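Visitor: dropping a prediction and its sequence here:
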Amino acid sequence: MSTSSPKLESKRIALVIQYLGTHFHGWQRQPQGRTVQAEIEEAIARVSGDRVTIRGAGRTDSGVHGAAQVAHFNVASPIPACKWATILNNNLPEDILIRASAEVAPDWHACFSARWRRYRYIFYTDKRPNLFIKPFCWHYYQLPLDETRMQQALDPLLGRHHLAAFRRAGSDRKHSWVNVQAVECQREGALLRIEIQADGFLYGMVRLLVGLLVEVGNGTRSLENFTDIWVNQRRELVKYSAPAKGLCLLRVGYDEFPFTKEIWYDTQPTFIVNH
């Protein structure tokens, strides 16, 4: 009499993911082009033999980096939840790394359970190029950038606003309301860093916002005009999108999260530039 092995129950596994966006066509799987989602899904299939779909906290665009993207997938496998990170790293390319993995509740969702996302944008303002910073910043040196004016332009964005002026075409989101929770503009020598935290982000929002904000910083656009454009949804006046390589999904916040802060809170290194 033959006996069959007991059927494995499906588990929901959460991942904290880092990736260098330079050679990816964004996070989300595309019909053509290399994507982060597709690479991880294919690695899971090679390990488990099952095709799964991973759900990410945010859909970063082509060229945008991820310091602590969060995703989940369901799988029926004997592999312990905490071991998935190591096993996947052995099956992933050099520009993707799983920081950690853990089991979460069946109703926990990387996107819908998230309370906020935080992005960082970096400018490098010295005239002399630097190869080691180049992949992670906008090398902007043509005009001086005033970080005080830029912070003053950002401050009115705090709160819940209709930000259609900073939304690229092609989004399937039904509205443009965003609750902005934090805005920071700080300089450390030649490096200028902008951080924006919100409950969600519109398609292309940060890069469009930074592309307009740089004109405030260089003095070619007034604070009042910057605010007027987004308050009155003047999308046609937002003409430039900041380069993707300066943008990084820094972290995602949850009420319940199985990872310690060391894993996810601030994992993009801060550059120190000596002149």
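Guide: Structure received. Predicted model, so just to flag it, every value in this text is computed and none were measured.
Visitor: CA atoms for contacts and neighbours, from now on please.
Guide: Will do.
Visitor: can you pull out the strands in the stretch 51-200 of the chain?
Guide: For the stretch 51-200 of the chain, the strands defined by DSSP state E, counting those that start in this stretch cover 55-56, 65-75, 96-104, 114-124, 138-139, 159-162, 177-188, 191-198.
Visitor: just checking, what packs against the fifth one?
Guide: Strand 138-139 is packed against strand 114-124, with contacts defined by 3 or more Cα pairs under 8 Å, 6 or more residues apart in numbering; DSSP states H and E.
Visitor: contacts for the strand it packs on, please.
Guide: With Cα atoms under 8 Å, 6 or more residues apart in numbering as the test, strand 114-124 has contacts from 57-58, 133, 136-141, 190-201, 206, 246-255.
Visitor: try it again at 7 Å.
Guide: Residues from elsewhere that reach strand 114-124 (Cα atoms under 7 Å, 6 or more residues apart in numbering): 137-140, 190-200, 246-254.
Visitor: what's the answer for stretch 246-261, then?
Guide: Surrounding stretch 246-261, the residues in contact under the criterion Cα under 7 Å, 6+ apart are 64-69, 102, 113-123, 136-138, 264-266, 268.
Visitor: just stretch 191-210 next, same as before
Guide: Looking at what lies outside stretch 191-210 - Cα under 7 Å, 6+ apart - the contacts are 115-125, 166-168, 171, 176, 178-187, 238, 240-242.
Visitor: same question, stretch 141-152
Guide: Stretch 141-152 is contacted from outside by Thr125, Asp126, Lys127, Glu184, Cys185, Gln186, Arg187, Leu213, Val216, Gly217, Asn218, using Cα under 7 Å, 6+ apart.
Visitor: mind doing that once more with 10 Å?
Guide: By Cα atoms under 10 Å, 6 or more residues apart in numbering, the residues outside stretch 141-152 that reach it are 123-129, 153-154, 183-187, 190, 192-194, 210, 213-220, 222-223.
Visitor: can you give me the mean pLDDT across it?
Guide: Mean pLDDT, computed over stretch 141-152, is 97.
Visitor: what's the answer for stretch 37-52, then?
Guide: Per-residue pLDDT over stretch 37-52 has a mean of 95.
Visitor: mind listing what's buried in that stretch?
Guide: Gln37, Ala38, Glu39, Ile40, Glu41, Glu42, Ala43, Ile44, Val47 (16 or more other Cα atoms under 10 Å).
Visitor: quick check, nearest of those to Ile229?
Guide: The shortest separation between Ile229 and any of these is 34.7 Å, and it belongs to Gln37 (by Cα to Cα).
Visitor: so Ala153 touches Trp230, yeah?
Guide: No - in this structure, Ala153 sits apart from Trp230 without contact. The criterion is Cα atoms under 10 Å, and the distance is 11.0 Å.
Visitor: wait, what's in contact with His65?
Guide: Listed by Cα under 10 Å, 6+ apart, the contact partners of His65 are 18-22, 24, 26-27, 119-120, 135-136, 244-250, 268.
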